[in-house]
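Participant: Just to be clear, the model below is a prediction. Sequence and coordinates:
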Amino acid sequence: SLLQEKMSRYSADQRRRNQSSSSLWFFNNVDKKQNKVVAEEAPDAIDIADIDLRIQDNGLAHQTYKYELMAEENALVLRRGSPFSIVVTFSHENYIPKDDNMKLVFHTGDHPSVPAGTLGIAVLNEEADSHARNDRWEAVIKERNQRRLTMSVMVPVDAPIGMWEAAIETSYEDERWSTKRRVVDIPLYIIFNPYISADPTYMPNEAERQEYIMDDFGKIYAGTFGAEKGRPWSFGQFESTILPAACHILDSSRLRPGQRANPVQVARAISAMVNSNDADNGVLVGKWNGKYEDGTDPYKWSGSVRILEEYMRNGGRSIRYGQCWVFAGIITTVCRALGLPCRPVTCYSSAHDTNRSLTIDKYFDQDGEELKGIRGAPGIFDSIWNFHCWNDVWMARPDLPTGFGGWQVIDATPQEESDNVYQVGPTSVEAVRQGEVGLGYDTAFVFTEVNADVLVFVEDPRSSWGFRKIDQDTTHIGKLIVTKAVGEYSDDPTDKDWADITYLYKNKEGTRDERQSVMRAIRGSGSSVAQFYDMPSTQQDVFVQLFDLERCSFGKPYKVGIYIHNKSNQERTVKVVLSSSSVFYTGVKAHLIKKGSGQFKLKGNEEEKFSMEITPEDYMNSVVDMCFMKNFVFLSVAETDQTWTSEDDFVLEKPDLKLWMKDGLRAGQTFELEICFTNPLDIKLTKGVFTIEAPGVVKTQEVEFHTINPGENVRAVVPLEARNRGKTTMMVVFNALELFDVAGTKKIEIS
């Protein structure tokens, strides 16, 4: 695997460097012919017998003790800007400060150099016992005990993150030719340090540090506005393979090793490398058409570890397939592994602007059919996603004006190119709120995702360009933006354990500040859509309301219904089109399920209600990923040219899995997990598989299950073994050919 190859190459490089130290070079290259050998024996540098990196103590001091590779791979993970301890034992003599010299050499990358920050030299300061500063490599003596020397070594707060190598060089007095070099034979990983104020990733709140750095399990929210649903996700950033994988991702990026000191550049590189759209061997291939036969269905992933392990085992070749919440889960794992505070964020009713107009443009023919792919209609490929997931990362932004640090958006979902690469951010959330779209990176794109206006056009042969504007919806986009609340977690996916962070991204909808930020963004982007903001609207005297469906159970019927009220005193001729379709969560229509239309007259002040029923037989074979549905209504009034459209997105909800296990679980012991649920369908469920995962405690495994009859109550008992002690969350996902993505979670504690 790629991981084994990297570790093997690391060991080989260490052996090679051991043979090329200064003293060995001198010894092997001196001409030993008669009359050319030094007759007098020169003084020799002190020999090092052992180097102890105090892995356990340093892990506690640096808050890195949860990284499993420290125990399993004997590696050391350090947060920059903080000192670590090292104990050196000499072979047969004591260290004498006036005679012996010592320096520690650290390097990363192929061509390390001091100016680039990739070569660090810490000369042992024999007169100091504490560190005066944390912005340079420095070594001081903490304790001398015969042949043992305990040192404290400072890692500079601006050191590039990633895998480093180290060696200790000793020499006698000023005799440099006598230098001996002892290579430290284990890898060192240096990561960001949100625990200290000097690091630009500093996060002052301890509860937030726990949530956004240390928690290895959480939720990523899906569903629709009004029917939000938490999707459990195992981040697993402390698993032994994850930090090496994160470092490999940076190695494969366009970043030079010295640039990895800057969290802005690191975050941007991660957003580019987690997708595979730039022929860069990124982690994950995105796909949204429902055809996943040559890979894994995106909704079947339940965590990041299996994806990243498979990526490394495959030699860094991209894994198939992912969608936005999977990209967000991977980014959360990689960022937290590297010490960068990170959280997945979900925006409900999220805009995808394809022509940089900062609006979402929708076009219809005169019969209410939405038009796609026609020429002469700017923004024709714009879309509105039921939900879209991205990530917030926390950092200072010294490259921006004061006040734009804090949470920054990055997004690996490949939607549009930025600097000719599929990447987004880091984008200041505060810049988005203010509409300051000129600030880097990609602020205009993120602003549109959360606060675009929707412009609706209908075909009109009397218009010079073939369309007229019939509506401008200023409230449809960015209805709700959420992330998991700090310290909250519920096993019920419909519980509101999320925090509403909409206010961070946009001012309250419809307020003067919100409208000013929209116009500031429109002007700042140079968008041509400003002309449409002054267009007069047609007369609107027929009131229409589409009845929203927030929830409907999978396997049950539902209705499309509207209410119409003619508020004028005159008769109106009204044409109505009702339809219901299955859609991908990106808003793209998958299948038309049912459609009905009619024309009738409404007397003055008359009211009417209309509805159309859709049965399970209508939709069962047309449902696609995540069971998103869209009801749509198109209405036109002959006498006034009034045209009205509205749509309602909802989810066909599935049952949850119920999990049970006994209390008092202990590490190393087997236990039984009981899984229960009821088949809600009137058909059999075939080829069912339970996927079970609990980060740090239970390795991911799959359990096949027999055919489940209609309405059958299922009880499955699975034996498991607890690997390690600690608190975590057990997650189980059930998938069958006829019913998929049925999940359940339960908190557990292993003592």
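Facilitator: Cool, got the structure. Numbers count the residues shown, from 1 in each chain.

Participant: any idea of the mean pLDDT in the helix or strand Val345 falls within?
Facilitator: Element membership of Val345, judged by DSSP states H and E, is strand 342-352. What strand 342-352 shows for mean pLDDT is 98.

Participant: Now that strand - C-alpha only, CSV.
Facilitator: C-alpha atoms of strand 342-352 as CSV (Å, rounded to 0.1, in the frame of the first residue of the first chain):
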residue,chain,number,x,y,z
CYS,A,342,-12.9,22.5,11.0
ARG,A,343,-16.6,21.8,10.8
PRO,A,344,-19.0,20.6,8.1
VAL,A,345,-21.7,23.2,7.2
THR,A,346,-25.1,22.6,5.4
CYS,A,347,-26.9,25.3,3.5
TYR,A,348,-30.6,24.5,2.7
SER,A,349,-31.7,25.8,-0.7
SER,A,350,-28.2,26.5,-1.9
ALA,A,351,-27.6,28.3,-5.2
HIS,A,352,-25.2,27.2,-7.9
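
Participant: Please state the offset of that strand from the chain centre?
Facilitator: 11 Å (Cα atoms, centre = their mean, to the nearest Å).

Participant: now do stretch 379-389
Facilitator: 19 Å.

Participant: returning to what we had before: next helix or strand past the strand holding Val345?
Facilitator: strand 359-364.

Participant: what does that following strand rub up against?
Facilitator: 351-353, 355, 370-371, 374, 377-380, 382-384, 448, 452-459, 467, 477, 527, 529, 532, 634, 643, 645 (Cβ atoms under 8 Å, 6 or more residues apart in numbering). C-beta coordinates here come from the backbone N, C-alpha and C atoms, glycine included.

Participant: Apply 7 Å and report the result again.
Facilitator: 351, 353, 370-371, 377-380, 382, 384, 452-458, 467, 477, 529, 634, 645 (Cβ atoms under 7 Å, 6 or more residues apart in numbering).

Participant: and if you look at stretch 232-246?
Facilitator: By Cβ under 7 Å, 6+ apart, stretch 232-246 touches 3, 6, 66-69, 72-73, 77, 189, 216-220, 302-305, 308-309, 311-312, 329, 332-334, 336-338, 693, 695-696, 729, 731, 743, 745.

Participant: Helices - which of those residues land there?
Facilitator: Those of those mapping onto helices are 3, 6, 69, 72, 305, 308-309, 311-312, 329, 332-334, 336-337, per DSSP state H.

Participant: In the stretch 501-650 of the chain, mark out all the strands, start to finish.
Facilitator: 542-546, 551-553, 558-566, 572-583, 589-602, 607-614, 628-637, 643-653 (DSSP state E, counting those that start in this stretch).

Participant: Between the two ends of stretch 370-377, how far is it?
Facilitator: Stretch 370-377 stretches 12 Å from its first residue to its last (Cα to Cα, to the nearest Å).

Participant: Determine the angle, from 0 to 180 degrees, between the strand holding Val345 and strand 643-653.
Facilitator: With axes from the mean of the first three to the mean of the last three Cα atoms, to 10 degrees as the basis, strand 342-352 and strand 643-653 are set at 140 degrees to each other.

Participant: Just give the strands next to strand 342-352 in its sheet, each with its orientation.
Facilitator: strand 383-395 (antiparallel), strand 480-484 (antiparallel) (DSSP bridges).

Participant: Which of those strands sits closest to Asp663?
Facilitator: Among the strands paired with strand 342-352, the nearest to Asp663 by Cβ to Cβ is strand 480-484 (25.6 Å).

Participant: can you pull the buried residues of that closest one?
Facilitator: Leu480, Ile481, Val482, Thr483, Lys484 (16 or more other Cβ atoms under 10 Å).

Participant: ok, which pair from these is furthest apart?
Facilitator: Maximum distance among those (Cβ to Cβ): 14.0 Å, for Leu480 and Lys484.

Participant: Closest one of the buried residues of strand 480-484 to Glu606?
Facilitator: Leu480 (35.9 Å).

Participant: Let's see stretch 653-666 as PDB, backbone CA atoms only.
Facilitator: What follows is stretch 653-666 as a C-alpha-only set of coordinates in PDB (Å, rounded to 0.1, in the frame of the first residue of the first chain):
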ATOM      1  CA  GLU A 653     -38.700   9.500   5.000                       C
ATOM      2  CA  LYS A 654     -37.500   6.000   5.900                       C
ATOM      3  CA  PRO A 655     -37.500   4.200   9.300                       C
ATOM      4  CA  ASP A 656     -34.600   4.500  11.700                       C
ATOM      5  CA  LEU A 657     -32.500   1.600  13.000                       C
ATOM      6  CA  LYS A 658     -32.800   1.000  16.700                       C
ATOM      7  CA  LEU A 659     -29.500  -0.200  18.400                       C
ATOM      8  CA  TRP A 660     -29.100  -1.900  21.700                       C
ATOM      9  CA  MET A 661     -26.100  -3.300  23.600                       C
ATOM     10  CA  LYS A 662     -25.400  -4.000  27.200                       C
ATOM     11  CA  ASP A 663     -23.700  -1.600  29.600                       C
ATOM     12  CA  GLY A 664     -20.300  -2.100  31.200                       C
ATOM     13  CA  LEU A 665     -18.400  -2.900  28.000                       C
ATOM     14  CA  ARG A 666     -14.600  -3.400  28.400                       C
END
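
Participant: just the buried members of the contacts of stretch 232-246?
Facilitator: 3, 6, 66-69, 73, 77, 189, 216-220, 302-305, 308-309, 311-312, 329, 332-334, 336-338, 693, 695-696, 729, 731, 743, 745.

Participant: which stretches of the stretch 1-150 of the chain form helices?
Facilitator: For the stretch 1-150 of the chain, the helices defined by DSSP state H, counting those that start in this stretch occupy 2-18, 22-29, 55-61, 69-72.

Participant: Least confident of those, on average?
Facilitator: Taking the mean pLDDT of these, helix 22-29 comes last: a mean of 31.

Participant: just to revisit the earlier point, make CSV from the strands paired with strand 342-352 and add mean pLDDT to it.
Facilitator: Listed next are the strands paired with strand 342-352 as CSV, based on pLDDT from 0 to 100:
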stretch, mean pLDDT
strand 383-395, 97
strand 480-484, 98
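
Participant: OK, contacts around Pro655?
Facilitator: Phe677, Thr678, Pro680, Val742.

Participant: The last one contacts Phe734, correct?
Facilitator: What it means is Val742. Yes: look at Val742 against Phe734 with Cβ atoms under 7 Å: they come within range, at 4.3 Å.

Participant: Comparing the two, which shows the higher neighbour count?
Facilitator: A side-by-side neighbour count of Val742 and Phe734, using other Cβ atoms under 10 Å, places Phe734 first with 25 against 21.

Participant: Name the SS class of the more buried one, please.
Facilitator: strand (DSSP: H, G, I helix; E, B strand; the rest coil).

Participant: Thought Lys687 was touching it, still the case?
Facilitator: No: if you go by Cβ under 7 Å, Phe734 and Lys687 don't touch, sitting 11.3 Å apart.

Participant: returning to that earlier point: where strands are concerned, which of the contacts of Pro655 count?
Facilitator: Per DSSP state E, strands hold the following members of the contacts of Pro655: Phe677, Thr678, Val742.

Participant: Now flag whichever of those residues is closest to Asp618.
Facilitator: Val742 (22.1 Å).

Participant: lowest-confidence helix or strand of this structure?
Facilitator: Sorting the helices and strands of the chain by mean pLDDT, DSSP states H and E puts helix 22-29 at the bottom, at a mean of 31.

Participant: Now Arg715: which helix or strand?
Facilitator: Per DSSP H and E: strand 713-721 holds Arg715.
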